[in-house]
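# Predicted model, plus sequence, below.
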Amino acid sequence: MATRGFVLYLLSGFSVAVLSVFFFTGPNDYHTHTYPPSNLSSLNNTVLQYPFPSVSSSTEKPWPELKFSWRIVSATLIGFLGSAFGTVGGVGGGGIFVPMLTLIVGFDTKSAAALSKCMIMGASTSSVWYNLRVSHPIKEAPIIDYDLALLFQPMLMLGITVGVGLSVVFPYWLITVLIIILFMGTSTRSFFKAVQMWKEETIFNKALEEQRQSMVNSHGELLLDAEYDPLVPRAEKSWIQNLCCNLRWKGIVVLVTVWVIFLLLQILKNDTAVCTAWYWVLFLLQFPVAIVVFGYEAVKLHKEYEKRIISGNTEAVCEANIEWSVLNLAFCALCGILGGTVGGLLGSGGGFILGPLLLEIGVIPQVASATATFVMMFSSSLSVVEFYLLKRFPIPYGLYLMGVSVMAGFWGQFFIRKLVAVLKRASIIVFILSGVIFASALTMVESSASNRASL
């Protein structure tokens, strides 16, 4: 119920903001748009229409040189921290990278958005590699939920395509309002979720401590009785064993296939004039690809859920603790499209929706972070490949920032996971997620205001 209420908040907020365009927008409000050439793909339009005003292509600033200076030091530090905390929270950190690259380094917003995708790809790839080498915190299962990845990834990518088209016609002030609605809503909801989890963990840890104290006498000796059965600790696995357990080749092959199909369709659209018959054919071909993959996974989850209900098995079908009814599956499809649309519209990739959504449907923070990061790796790499083909970012900067993010993603996961294990509080991950989203809202709005003031 709370999840549906949150989505209702987003839909109503977005609807009011969009409808307000007809009452508060004059003809001059659209003059700041830089409409892309007709031979660019819809994915590239997202970069051209990033949520901050930018100058036309004829007056674009040249790319800054990659040399040692306070700017590159600041960008390295912010990029490292943003990547570390962003991947731990499962949101990427694009809302921090773009303002950092524009305000500090001096890139135009188009190139900054492309470099942001490079950083997200680097951080998510190293985080996925780290997560594949660790075990599930509470049971013998992969730490990445491939069922949820297959369920949400196609709809996210489809939604990104829809959001890209909307980004061309929406004025900048409207996109800024949408940023505030989305980020403030998700950060607030995630914060209260983290507080609730913190309280539950406090009660649980206190109960464990009382149980331990009841088994120890005044001399510190363990008291055993006939009813006491000592717990056998779970055997530690090597990273190779964890890797074999976490890899599910069938799911990976399907996700890679979807990734390749979407990439080919986007590349073909690069050489097609916008709004021609062939352009719309390529655009509409994305729908059956996404629907088929989503439908297959949805039917699989629904049948397995019905089978377990009939047999009296109360074990969850996957990591999500919800009933896989037709209504809930349709709700997940709506959330996937909504997350992708927002990602395409704002240039965030959808992680700011997927991360909080996985927590809302009952996925534990460690698995939610690993799964969201896994999905982000596919969506961000798709953008990076096309941006490379379109020459939208300088290669030296891309490689340098990607290297920073690779290290940040790995070590961020390492230290936060260790902290969670020591403190026995997975809510730390949710607090980080909430903080990154809130920081992204502040930096993106500030960057938007600064760019508009400079015009």
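Structure received.
# all helices for the stretch 101-250 of the chain, in order.
Remark: helices assigned in the stretch 101-250 of the chain by DSSP state H, counting those that start in this stretch are 109-132, 146-169, 172-214, 239-246, 249-270.
# what angle do the last one and helix 146-169 make?
Going back to what we said before, that points to helix 249-270. With axes from the mean of the first three to the mean of the last three CA atoms, to 10 degrees defining the directions, helix 249-270 sits at 20 degrees from helix 146-169.
# which parts of helix 249-270 are buried?
Buried residues in helix 249-270, counted by 16 or more other CB atoms under 10 Å: Gly251, Val254, Leu255, Val258, Trp259, Ile261, Phe262, Leu263, Leu265, Gln266, Ile267, Lys269. Using the backbone N, CA and C atoms, a C-beta is placed for each residue, glycine as well.
# helix or strand right after it?
For helix 249-270, the following helix or strand on the C-terminal side (DSSP states H and E) is helix 277-311.
# Skipping its backbone neighbours, what lies nearest Gly398 in space?
Cys118 (4.5 Å; CB to CB, 6 or more residues apart in numbering).
# ok now do that neighbour, which residues does it touch?
The neighbourhood of Cys118, defined by CB atoms under 8 Å, 6 or more residues apart in numbering, consists of Val384, Phe387, Phe393, Gly398, Leu401, Met402, Ser405.
# can I assume the last one is in contact with Lys117?
In other words, Ser405. No: Ser405 is beyond contact range of Lys117, at 10.6 Å (criterion: CB atoms under 8 Å).
# so where's the stretch 251-400 of the chain shaky on pLDDT?
Regions of the stretch 251-400 of the chain meeting the criterion pLDDT under 70 cover residues 314, 317, 343-350.
# circling back to that earlier point, out of the buried residues of helix 249-270, which is nearest to Val293?
Nearest to Val293 among the buried residues of helix 249-270, counting by CB to CB, is Val258 at 5.7 Å.
# before we move on, the earlier item: out of the contacts of Cys118, give me the one that has the most neighbours.
Ser405 (32 neighbours; other CB atoms under 10 Å).
# mind listing what's buried in stretch 66-85?
Leu66, Ile72, Ala75, Ile78, Gly79, Phe80, Leu81, Gly82, Ser83, Ala84, Phe85.
# returning to what we had before: ranking the helices of the stretch 101-250 of the chain by burial, who's on top?
Ranked by mean neighbour count, the helices of the stretch 101-250 of the chain are led by helix 109-132 with a mean of 27 (mean count of other CB atoms under 10 Å).
# Please name the residues that touch Ala320.
Asp145, Leu148, Leu358, Ile361, Gly362, Val363.
# I figured the last one hits Ser369, correct?
Spelled out, it's Val363. No: using CB under 8 Å, Val363 is not in contact with Ser369, being 9.2 Å away.
# after the host helix or strand of Met377, next one along is what?
Using DSSP H and E, Met377 maps to helix 365-389. Beyond helix 365-389 on the C-terminal side, the first helix or strand identified by DSSP H and E is helix 395-423.
# Now do that next one and helix 172-214, the angle between them.
Going by the same axes, to 10 degrees, helix 395-423 makes 30 degrees with helix 172-214.
# Which elements pack onto helix 395-423?
Other elements packing on helix 395-423 under the criterion 3 or more CB pairs under 8 Å, 6 or more residues apart in numbering; DSSP states H and E are helix 70-89, helix 109-132, helix 365-389, helix 427-454.
# list the buried ones in it?
Of the residues in helix 395-423, those with enough neighbours to count as buried (16+ other CB under 10 Å) are 397-398, 400-402, 404-406, 408-410, 412-413, 416-417, 420.
# follow-up on the earlier one: to Lys424, which of the helices of the stretch 101-250 of the chain lies closest?
helix 172-214 (5.8 Å).
# show me the contacts for the residue nearest to Met197 when sequence neighbours are not counted.
Excluding its sequence neighbours, the residue lying closest to Met197 (CB to CB, 6+ apart) is Ser427, at 3.8 Å. By CB under 8 Å, 6+ apart, Ser427 lies in contact with Ala194, Val195, Met197, Trp198, Glu201, Pro365.
# just checking, the last one touches Ala426?
Yes: under the contact definition of CB under 8 Å, Pro365 touches Ala426, with a separation of 4.3 Å.
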